[in-house]
Every structure is written in structure tokens, then in C-alpha cells.
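Chemist: Okay, here's the prediction I keep looking at, along with the sequence it came from:
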Amino acid sequence: MLLSKTVHDVARLINETFHWSCIAPLKGKPVRIKATVTEMVRTGYNSIPIVSVISFFVGIILALQAAYQLKRFGALIYVANLVGVSITRELGPILTAIIVSGRSGSAFAAEIGSMKAAEEIDALTSMGINPIRFLVVPKLFALMIMLPALTVVSDFIGIFGGFALSVTLLELHPQSYIQQTLDALLVKDIMTGLIKAWAFGIGITIVGAYQGFQVRGGAEEVGQRTTASVVASIFLVIVFDLFFTTLFYYFT
Amino acid sequence: MKADTAIEVRNLVTHYGDRAILKDISFSIPKGKTTVILGGSGCGKSTLLKHLIGLLKPTSGNIFINDRDIALMDETALNDMRKKIGILFQGAALLNSLTIAENVALPIREHTKLEKSTVDIMVRMKLDLVNLSGFEHFYPAQLSGGMKKRAGIARAMALDPEILYFDEPSAGLDPVTAAGLDELIIKLRDVFRMTIVVVTHELPSVFMIADHVIMLDAGNVLFSGPLAELTASDHPKIRRFLERKAEEESENPEDYLKIIAGE
């Protein structure tokens, strides 16, 4: 009963979001550009510092962990390959997605949830304004654009973190480290990461919006739903990641 | 449907989960007058109002506005109908992320292609109507409860609706502010000839604004008619409501003991 209701509600939300983001714009109901830009600044631009710092640290950690094994074989230069490939294929997208889940997924749930509790959603509907179009679609486009963009930032800074450690502590030559990284990276490594990031963006928006719209009562429930949205979106990000990684393993 | 009827409800039945809220009610609301929907807490007043604007779909029954059944409408037709209806929610429900002027401009911007300067003039007119000139750039959180409600009225009036709904307009306001709001409602009816529907349980307000009264009791219509008939009625439940008497104790002490013992 509960599961079927959840499936029904989520399916309806996805269906309506798809309608208002893909079909309605063709029929003269455009996406709200200004709101989308505002959301892009809020979810993307404002996340750059935290994404950068975390990616930098993870780049260092990854280089250290790789060196721990590789130095026994005297193959320290392969730190560059390991850092480059694992950041672009895996850690860049997933770290970014987890940070954005915590920052923006929860913010979506809290915003929509408190609007629901204060009858603001009902007010929008009663003015003939569809809440999905008004609230969810700008957030969806913002994350679909900004999550891949943040992932590019994360890729660069993460690799730079590995580079910074390698040329200082591991005493690798900067020139050869850069050359080694460029040789190791394939365009498809970066592309698969960006495709993942795009899908994570959709997942985070839908989860945040779903939890927000589920609020029936007051402020306390908004808090519960916000927490639930973070847990659910991180879980969903991992599931998506598993799916796409398997897919790319066999088909690229 | 008669020519002087704005809204007609026929055999409306609604449920909240499995619990029946409105049990087969029928009534009509006259055009150009103030109709008050009256009743105790939990009798289904607010639920009824949400059905009258299509926020909730009834289990069965019809709701006719301008001879069209909104219970059968799809979302597009319903949105067209909603442009002719304004509603003031209990907590005003202004969008907190927008200023007062942006809130009032929102329905105009969404539904018309007017230029910004025209929209600005319309917004100033609406705000002046509710005595909120000069508060355009304030955010809802910076206003008092009474001012928020007046801003809510300005937003509800933005598209010059034919019908205006009020959900508990005096809830949470002091008597003076509440009376000010009642005077505004009377002004709107007299000046704009709008059909006004007010859901409330505040008696002083009822006597001041009502032309027509619909009284609900436990999901049924107890009374529907002009205000004078209501005050003259000798139905025991109506008298109790008008004279502010508590419900009579229906249980005797032995029954009460059985209830608390869980038998």
C-alpha cells in the first residue's frame, strides 16, 4: 500500500516534470530562464569553494594511497594514471553529487516543504500557476547544467591535488607527471564521468522535490523530509553510479 | 442554474482517506453578494473551499461555476477558470522569497503579456486599494499579520476576478484589525460587485459582512439562506452556535467510566 503509493507519487512527479521541461516549452509555455539562472548560481556557483577544497584533499589522499602500493614496485610515476583515471571516471562525479545532495537536494526539500506547509503551493495552484513548472523545472535545468560543470571543476582540482603531492612529497618531475596524466586520460573517461553527473543531477532534483511535496503538516515534518531527502539522494546517486559504471564497463 | 447564482454545489461528497468530510451537500451561492460559510472547527469548511477552487477533487457530486462543472474539468480548463477566482488563504500564503510587489505582479506576469510598466501601475493600484501603498519593496516576513492578509487580498484581486474567496480572514488578528478587514470586504463587494465567499467562525464578522449564510455541521448543511433568517431560526444547534453555548454533555457518568476503562 505504502510502496505502491510512493511509486505512484514519484511516477507522477517524474511525468509532470518531464511534461513541463520538455513538452510544454514546445507549446509556448517556456521554462523560466531567470529562475533557472538564480538556481544555477545557488546550486552551482556557490558550491565551487567546497567542491574545490574537498576535491583537492581527495586528490592528495588518492596520490598517497597509490604511492603506498606503487613505490614497492618502483612505479611511482603511475600515481598520475591512477589519480587521473579514478578522479575523472569515478570520484569527481560522485564527490560533487554527494556535496550537491547535501547542499541543494536538502535545500529543495526544505524550500518546497515549507511552501507546502504555509499553503504557498496551494496559492500557486489557485493562481493557475503549476508548482512543478514554477519550482521544480528551474531546479532541474540548473542541476542538469551545473552538476557536470562542477564535475569538471572537481576533475581539474582533484588532479591538481594529486599533482601537488606528487611533485613535492613524492619528488616526481612536474613535466613527466603532466605528460603521464595526459597519456593516461581518454576522452571517454571524462565523458562517462560527465554523463553520470548529469544523471545524478536529475536524481537529486526529483528526490528533493518529491520529499518537499510530501510534507503534509508543519515545520517538524519539513525537517524530517529534508533529512530523508539527503539520505535518499545519496543512496540514489550510488545506485545510479553502479548502473552507469556497469553500463560503461561493457559498452565503451 | 438560475441567473443570479454564481456557484452551485450539488450532492457533493468528499473523503479524507476513508473518513467522510462532506456528506452529500447541496447549496447555491448568489452572485454579487457576500456569502459566509459558517460552522464549528472541523466541520469541513476549509475542505469545501478547497473544492470550490479545484485544489481537491470530490469523491462524487458537481460544482458549477458559471454553468461549468469544475469537478469534471482537466487542468488546463481549471487554470482558465482559476483566473476568474481569487483566494485569500488563512496565513495569506504570500511567497516569502518575493517582495510584496512581486507577489501581486506574479499572476499578472504569468497570465498576461503586459509590459513591465503597465504591470507596475496595476500592482500599485491593487496595493493602494488595500492601503498598502509604500510597502512594495517589503518582504512578507517584514509585515504584520493584518498587512500580510491585505497584501494577500491585493494578490487575489490582481486579475480582477469575478469571485473572491476568503479562508478565515480574521484568524489570528486582533479585533480592530479584523474589523478593518471586514470593512475592506464590504468595500470590495459594493465597489466591484464581486461575489464574495467567506469561510469563518467569527460571529461579529458574520453579522457585519454576511448577506447570505450557509451553516455546516459535521459535513451536512444545517442552514442556507439570508442572514435575517439565520438570526430568526430556532433550530437548537443554530441557537447554540449564535449564543456561544458549549455542546451538551451526551454521556452519563457510567458511560464515561466505560470509555476511560477502554471497554
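Modeler: Received, thanks.
Chemist: Just the pLDDT for the residue nearest to B:Phe138 when sequence neighbours are not counted.
Modeler: Counting by Cβ to Cβ, 6 or more residues apart in numbering or on different chains, B:Ile100 is the residue found nearest to B:Phe138 once chain neighbours are left out, at 5.4 Å. Where C-beta positions appear, they are placed from N, C-alpha and C, glycine not excepted. B:Ile100 is assigned 94 on the pLDDT scale.
Chemist: So B:Ile100 versus chain A, what's the distance?
Modeler: 14 Å (Cβ to the nearest Cβ, to the nearest Å).
Chemist: Hmm, that residue is touching B:Ser133, no?
Modeler: No - applying Cβ atoms under 8 Å as the test, B:Ile100 and B:Ser133 come out as separate, 10.7 Å apart.
Chemist: Which residue of those two possesses the greater neighbour count?
Modeler: Using other Cβ atoms under 10 Å in any protein chain shown as the criterion, B:Ile100 and B:Ser133 rank with B:Ile100 on top: 26 against 11.
Chemist: So that one versus B:Tyr139, what's the distance?
Modeler: Distance, B:Ile100 to B:Tyr139, using Cβ to Cβ, to the nearest Å: 8 Å.
Chemist: So A:Thr125 sits against A:Arg133, correct?
Modeler: No - look at A:Thr125 against A:Arg133 with Cβ under 8 Å: they stay out of range, at 11.0 Å.
Chemist: Identify the contacts common to these two.
Modeler: Taking Cβ atoms under 8 Å, 6 or more residues apart in numbering or on different chains as the contact criterion, A:Thr125 and A:Arg133 have no common neighbours.
Chemist: who's in contact with the most centrally placed residue in chain B?
Modeler: In chain B, the centroid-proximal residue (Cα atoms, centre = their mean) is B:Phe166; its distance is 3.1 Å. B:Phe166 makes contacts with B:87-88, B:185, B:196-200, as judged by Cβ under 8 Å, 6+ apart.
Chemist: List just the nearest of the residues you listed to A:Leu13.
Modeler: Ranked by distance to A:Leu13 (Cβ to Cβ), the contacts of B:Phe166 are led by B:Ile87 at 24.4 Å.
Chemist: my guess is that closest one meets B:Glu168, correct?
Modeler: No - with contact defined as Cβ under 8 Å, B:Ile87 does not count as touching B:Glu168 (11.9 Å).
Chemist: who's more crowded, those two?
Modeler: Per other Cβ under 10 Å, whichever of B:Ile87 and B:Glu168 has more neighbours is B:Ile87, with 28 against 21.
Chemist: Can you tell me the element the closest residue to A:Ala35 other than its chain neighbours falls in?
Modeler: Spatial nearest neighbour of A:Ala35, excluding adjacent residues (Cβ to Cβ, 6+ apart): A:Pro138 at 4.0 Å. Per DSSP states H and E, A:Pro138 falls inside helix A:137-168.
Chemist: buried sites along that helix?
Modeler: A:137-163, A:165-167 (16 or more other Cβ atoms under 10 Å in any protein chain shown).
Chemist: can you give me the strands in chain B?
Modeler: Secondary structure of chain B, counting by DSSP state E: strands at B:5-16, B:19-30, B:34-38, B:60-65, B:68-69, B:85-88, B:163-167, B:195-200, B:212-217, B:220-226.
Chemist: Let's have the ones you listed in CSV, adding mean pLDDT.
Modeler: Formatted as CSV, these follow (pLDDT from 0 to 100):
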stretch, mean pLDDT
strand B:5-16, 88
strand B:19-30, 87
strand B:34-38, 91
strand B:60-65, 89
strand B:68-69, 87
strand B:85-88, 92
strand B:163-167, 91
strand B:195-200, 91
strand B:212-217, 89
strand B:220-226, 87
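Chemist: can you give me the helices in the chain?
Modeler: As the question left the chain open, I've gone with chain A. Applying DSSP state H to chain A gives helices spanning A:2-18, A:33-43, A:48-70, A:79-86, A:92-100, A:106-117, A:120-126, A:131, A:137-168, A:174-184, A:187-213, A:219-251.
Chemist: wrong one, I was asking about chain B
Modeler: Counting by DSSP H, the helices of chain B are B:45-52, B:75-82, B:100-111, B:116-129, B:145-156, B:175-192, B:203-209, B:227-232, B:236-242, B:253-260.
Chemist: so which of these is the most packed in?
Modeler: helix B:145-156 (a mean of 24; mean count of other Cβ atoms under 10 Å in any protein chain shown).
Chemist: Run through who's touching that one.
Modeler: A:127, B:86-89, B:91-94, B:100, B:103-104, B:106-107, B:123, B:126-127, B:129-132, B:135, B:140, B:143, B:164-165, B:169, B:172-174, B:177, B:180-181, B:184, B:188.
Chemist: Also stretch A:91-104?
Modeler: A:42-43, A:46-47, A:50-51, A:54-55, A:58, A:62, A:139, A:143, A:146-147, A:150-151, A:153-155, A:158, A:193-194, A:196-197, A:200-201, A:204, A:208, A:230, A:233-234, A:237-238, A:241.
Chemist: what's near enough to touch B:His212?
Modeler: B:29-30, B:33-36, B:224-227.
Chemist: same thing with B:Leu129?
Modeler: So B:Leu129 contacts B:154, B:157 (Cβ under 8 Å, 6+ apart).
Chemist: Equivalent analysis for the one 3 residues further on, please.
Modeler: With Cβ under 8 Å, 6+ apart as the criterion, the residues that contact B:Leu132 are B:100, B:147, B:150-151, B:154.
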